[in-house]
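Engineer: When you get a sec, could you give me coordinates for this:
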Amino acid sequence: KSRKKNQYMNNKRIWLSLAHMGGQEQQFIQEAFDTNWVVPLGPNVDGFEKDLENYLGENKHIVALSAGTAAIHLALVQLGVGPGDEVICQSFTFSASANPIKYLGANPVFVDSEPDTWNMDPELLREAIEDRIRVTGRKPKAIIPVHLYGMPAKMDEIMTIACAFEIPVLEDAAEALGAEYKGQKCGTFGEFACLSFNGNKMITTSGGGALVCSTKEEADFTKHLATQARDNAPHYQHSKVGYNYRLSNICAGIGRGQMMVLQQHVEARRRINLKYRQLLAGVPGISFQSNPTTDFNSNMWLTCIVVDPAVAGFSREELRLAMEQENIETRPLWKPMHLQPVFADTPYYGNEAKVSERLFDDGLCLPSHPNLTEEDLQRVVDVIKGLAEM
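Structural biologist: Below you'll find the model as predicted:
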């Protein structure tokens, strides 16, 4: 046993989700330097936006920004969200989905997940809308569902409810580039959607994001707001509050190279997910986040498992610590927003199932990036099987 421990101490670190370069990124970056476009905006930004529009389809218009969080912020601005307003947000998500609501002086209203996709529960969404109208006398200004870990939310049901109450939808597709619901790309269902190109996402620009808009007018106004809202005048004149949110031409060059291998990245993560399922088949107490039906086609950004301690004989936390001891990075599933101290007084709509709380208690993200080797995958699986056999 001590020999095995020493062996793993000498092994390289296995990271949760690393960026993976396709080979063309340097060419676009070099062009930016050669032409002196080492500034915000430029040909790479234009090209990157066009590549994303072609990939997503649905006649969407895309604006490249400094972060996915910036995209949510600017979408909420355009949806008229302001002080005292309420925005319904999925509770089971990263804080960046909810923080921009507070930037505008508005208040999030959190809705729990359903067990099929782990995303916003449509029944609880309807309950939340009806109750907020009853309590406040007005309906929420927007709905933010999240395609968590690349798994599409139940968009038919969510959009039907949103349309019935005439509340715009802002999709958080930060983790879902390349995922599809009924053959349609995630990020193309709502009035707006955000994408993220952080270093751990499907593709990266080292840091960055984009806002998916339904009209050219929305995209143009997004660009205006993201470049300090400077008016069309020979001098510096500003009629609105603006932001410094545009993506740099250098970072967009990385994105253009990444777009050339995006579908390869998606397929690689799906293969990794399938391999984990094959290697862990028959291990008691381990289940996966899975496509509920053929309508759903997750990009499998991260392979996520749930540990049933009563069956497995070990807990999620015991597994996480065992992985860390073997120099393997894993991470618990998102801690729900309604449990976060910063949102302690926020309205929350859930039920006795407590889906997101149970997932947080028992769920773990496994290493999932395209750079993983067969040996890496086997090391991860060996830790799980080792605990199961104890």
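Engineer: Report pLDDT for residue 2.
Structural biologist: Looking at residue 2, its pLDDT is 44.
Engineer: For the stretch 51-200 of the chain, which segments are assigned as helices?
Structural biologist: In the stretch 51-200 of the chain, the segments counted as helices under DSSP state H, counting those that start in this stretch are 68-78, 99-103, 122-136, 155-165.
Engineer: For the chain, give me the ranges with low pLDDT.
Structural biologist: Across the chain, residues meeting the criterion (pLDDT under 70) sit at 1-10, 39.
Engineer: Swap in 90 and give it another go.
Structural biologist: Residues of the chain meeting the criterion pLDDT under 90: 1-11, 18-43, 199-200, 206-207, 232-233, 250-251, 253, 389-390.
Engineer: if we can go back for a sec, looking at the helices of the stretch 51-200 of the chain, which is buried most?
Structural biologist: Highest mean neighbour count of the helices of the stretch 51-200 of the chain: helix 68-78, a mean of 26 (counted as mean count of other CB atoms under 10 Å). All C-beta spots, glycine's among them, are computed from the backbone N, C-alpha and C.
Engineer: Can you name every helix or strand that it contacts?
Structural biologist: Using 3 or more CB pairs under 8 Å, 6 or more residues apart in numbering; DSSP states H and E, the elements in contact with helix 68-78 are strand 61-65, helix 99-103, strand 142-144, strand 170-172, strand 192-196, strand 209-213, helix 216-226.
Engineer: Can you say which of those is nearest to residue 300?
Structural biologist: Residue 300 sits nearest to strand 192-196 of all these, at 16.3 Å, using CB to CB.
Engineer: ok, that closest one: who's next to it in the sheet?
Structural biologist: According to DSSP bridges, strand 192-196 forms sheet pairs with strand 170-172 (parallel), strand 209-213 (antiparallel).
Engineer: Output the ones you listed as JSON lines; include the columns distance to residue 75 and mean neighbour count.
Structural biologist: Compiled in JSON lines, these are given as follows (distance: least, CB to CB, whole Å; neighbours: other CB atoms under 10 Å):
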{"stretch": "strand 170-172", "distance to residue 75": "5", "mean neighbour count": "30"}
{"stretch": "strand 209-213", "distance to residue 75": "6", "mean neighbour count": "28"}
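Engineer: would you turn the ones you listed into CSV with distance to residue 272?
Structural biologist: CSV is the format used below for these (distance: least, CB to CB, whole Å):
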stretch, distance to residue 272
strand 170-172, 23
strand 209-213, 24
